[in-house]
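J.: this one's structure only:
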């Protein structure tokens, strides 16, 4: 299951901050291991991707919504060294420019956005059964001007975590069992709307994975996350929704529980199905809810060397104490995928190159709580594997 996470101290320049943070972390983790790799075995795998995206709905409340086009560069590198890959380091980065156009751009001077994010993941096998790991991530969206869309405010998100993975004694022949436990933290700051949306969080999770032969894997998971909003006060029944900005009120704090299961079957048609139950318990009236989340992903090889991927996810959410018109929903940070349909086609051109096209339809929560909007994203890209 995906872990939620979140950014930079306000006022810092996120471009150099991202490069410096990733560079220092990479040096601290990778350089000591590089010396050890001289005496053992090591391998390095990487790939690069260039893509272009067209987004047909950026500001959902407009009759003629603003559109956007995005050029992205992405990189992934994996290093393993030591006996039988004892240590593993993964580095990912993607960044690009987002330019808006449409009705409002003809009336106002809208500067582009620059979005970049990166992460470092390290894992070390201590024994044949035990491995320890850690992760650090940073993401930033920066408007290159004073204008901004409310649901796309500039932000910085910082997150990190530690984990332990234990291979248990197989409960059946041919089926391995792995237990993973971990803890994480996050911090999100928005440039203009931080007073209501900036948050601090921490959490923990446990995953149990069981393999049934070579083709079937089942996973069960539970996680708990605590989110605190320093700039947002609690609501009481009957309060005006604007009372959340009251400085003398207790700060809003949410406790999110997630219980999920996922099954993966690898074959001529590979299928992954998942279900997750979420329960958000908030000390602020109107923010407590529970939801059922179901997803399915299908992969299949097609003629002419094509690979097709279809993915869908549905969320059915119910608020315990609905309060209309609360301007405290989610801001678009790129991870909002309440309801999704995704179709992706990949074609290998050569051993090193492939091209892909992608269409995604998203129904995401807007800045008003429990109010949703729909957008379509069309993308084409080129992948290179040296």
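T.: Looks like it arrived, so ask away. This is a predicted model, so every value here is computed, not measured.
J.: Would you check that residue 118 makes contact with residue 137?
T.: Yes - the criterion here is CB atoms under 8 Å, and residue 118 meets it with residue 137 at 6.9 Å. Just so you know, the C-beta spots here come from the backbone N, C-alpha and C atoms, and that holds for glycine as well.
J.: same question for whatever helix or strand residue 98 lives in, mean pLDDT?
T.: Assigned by DSSP states H and E, residue 98 belongs to strand 87-101. Strand 87-101 comes out with an average pLDDT of 92.
J.: in that strand, what's buried?
T.: Going by neighbour count (16 or more other CB atoms under 10 Å), the buried part of strand 87-101 is 87, 88, 89, 90, 91, 92, 93, 94, 95, 96, 98, 100.
J.: I'd like the residues you listed laid out as CSV, including distance to residue 228.
T.: As requested, the buried residues of strand 87-101 are exported to CSV (distance: CB to CB, whole Å):
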residue, distance to residue 228
87, 35
88, 33
89, 32
90, 30
91, 31
92, 28
93, 29
94, 29
95, 29
96, 32
98, 30
100, 33
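J.: nearest to residue 312, of the residues you listed?
T.: residue 94 (23.6 Å; CB to CB).
J.: got the contact list for that closest one?
T.: Neighbouring residues of residue 94 by CB atoms under 8 Å, 6 or more residues apart in numbering: 49, 72, 73, 74, 75, 116, 117, 118.
J.: Buried only: go through the residues you listed for me.
T.: By 16+ other CB under 10 Å, the contacts of residue 94 give 49, 72, 74, 116, 117, 118 as buried.
J.: From residue 337, how far off is the last one?
T.: Here residue 118 is placed at a distance of 21 Å from residue 337 (CB to CB, to the nearest Å).
J.: go on, the second one?
T.: If you measure residue 72 against residue 337 using CB to CB, the figure is 17 Å.
J.: can you check the fourth one too?
T.: With distances defined as CB to CB, the gap from residue 116 to residue 337 amounts to 20 Å.
J.: what does residue 378 give?
T.: Taking CB to CB as the measure, residue 378 falls 17 Å from residue 337.
J.: do residue 193 as well
T.: Distance of residue 193 to residue 337, computed by CB to CB: 21 Å.
J.: can you check residue 345 too?
T.: Separation of residue 345 from residue 337 (CB to CB) stands at 20 Å.
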